[in-house]
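**Q** Quick one: sequence plus predicted model below, questions after.
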Amino acid sequence: MPGFRKLLDQVRFFYQITWRLQSLYALQAKIYRETVFEAERARDPLSLTTHGFTAYSQADEDGMIQELFRRIGPTDRRFIEFGCGDGLENNTVYLLLTGWNGLWMDGSAEGIRNIRAQFAPYVDSGRLQAKQGFLTRDSINGAIHEAGYTGEIDLLSIDVDGNDYWLWEALTVVTPRVVIIEYNATFRPPHKIVQAYDENYRWNFTNYYGASLKALEELGARKGYDLVGCCYAGTNAFFVRRDLTKDLFSRPFTAEHHYREPQHDAFVRGAMRHRKAVGKYQIL
């Protein structure tokens, strides 16, 4: 028994050291990030990225969303998010907790069960719908319509780690004012590359997923949206419907101007860049 207690004390010691090192890393990363942002704000006052912060989002999307709607103003404060996980770390939970209503959809039955338990007051009051199912190009519009959403909404967030491009391309039943979509920063502008459509695809935690920022820029342009920024971590791109951008955002609205390289460990403690892999891509 004394030997076991000694071992337990050693485990606790190393556990505390690990958390302290993570705290120091997070502080250093924040100091560096703020230095970068200070210079960028001076150079480009309309930069959206420099307003980022994380409350519940995986990276700095919470702050960028808040600033974006400060500029264009909200209307119905409704959101839809594909790929919401368990609801505790996504792009719209902060909105839900600050008064918005919306729809979450995810392929994980366990994740949806967790949401219905963790967010029971919001589900029971009708402020949040949580639907389980793998979305495809053929099912996406029907699934959203069945949940009671049509026409204009304030925000759409797409993060399904694979067919994001194809789902946005197929979407017609709602007209979001703002679209946030994950991009694959492995491919820098001017490359227009998209993961081949596969409705059975499940992300394998590598850098084989999704679409390049340039491909999404051009898709957004065809659908009437301007690319207005990317998060500092190099994971999500922000689009605003063209009739709303006016002179409120940094121009030009191109991938070349707004691209951010992948820095997945800038906010997610201990996370490194994705393991390298290859798969079937389409060049547009």
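**A** Sure, I can see it. Residues are numbered from 1 along each chain as shown.
**Q** quick one, what contacts Asp138?
**A** Asp138 makes contact with Ala170, according to CB atoms under 8 Å, 6 or more residues apart in numbering. For glycine as for every other residue, the C-beta is placed from the backbone atoms N, C-alpha and C.
**Q** Help me confirm that it is found in a strand?
**A** No - going by DSSP: H, G, I helix; E, B strand; the rest coil, the assignment for Asp138 is coil, not a strand.
**Q** From here on, call the first residue 21.
**A** Right, with 21 as the first residue, what we last looked at is Asp158.
**Q** Backbone dihedrals for it, please?
**A** Torsion angles at Asp158 (phi, psi; degrees, to the nearest 10) stand at phi -80, psi -20.
**Q** measure it to Arg197 for me?
**A** As judged by CB to CB, to the nearest Å, Asp158 and Arg197 stand 26 Å apart.
**Q** Would you map the helices across the stretch 121-270 of the chain?
**A** 129-138, 140-144, 160-166, 184-190, 233-243, 262-265 (DSSP state H, counting those that start in this stretch).
**Q** out of those, which comes closest to Leu68?
**A** Smallest distance to Leu68 across the helices of the stretch 121-270 of the chain (CB to CB): 11.1 Å, for helix 262-265.
**Q** starting at the chain centroid, how far to that closest one?
**A** Once both centres are worked out by CA atoms, centre = their mean, to the nearest Å, helix 262-265 turns out to sit 21 Å from its chain's centre.
**Q** now it: mean pLDDT?
**A** For helix 262-265, mean pLDDT rounds to 98.
**Q** Phe139: neighbouring residues, count only.
**A** Applying other CB atoms under 10 Å, we find 21 residues neighbouring Phe139.
**Q** what residue ranges in the chain score low on pLDDT?
**A** Counting by pLDDT under 70, the chain contains low-confidence ranges at 21-42, 45, 287-293.
**Q** in the sheet, who's paired with Val199?
**A** Legend: beta-bridge partners of Val199 under DSSP bridges are Leu176, Phe259.
**Q** Glu101 against Met125, yeah?
**A** Yes - using CB atoms under 8 Å, Glu101 and Met125 qualify as a contacting pair, with a distance of 7.2 Å.
**Q** picking up where we left off before, which among the helices of the stretch 121-270 of the chain is found nearest to Pro94?
**A** Among the helices of the stretch 121-270 of the chain, helix 262-265 comes nearest to Pro94, with 11.4 Å by CB to CB.
**Q** Please identify the buried residues of the closest one?
**A** 264-265 (16 or more other CB atoms under 10 Å).
**Q** same question, stretch 105-116
**A** Judged by neighbour count using 16+ other CB under 10 Å, the buried positions of stretch 105-116 are 105-107, 110-116.
**Q** would you turn these into CSV with secondary structure and distance to Arg242?
**A** Converted to CSV, these look like this (DSSP: H, G, I helix; E, B strand; the rest coil; distance: CB to CB, whole Å):
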residue, secondary structure, distance to Arg242
Gly105, coil, 29
Asp106, coil, 34
Gly107, coil, 32
Asn110, coil, 27
Asn111, coil, 23
Thr112, coil, 25
Val113, helix, 30
Tyr114, helix, 30
Leu115, helix, 27
Leu116, helix, 30
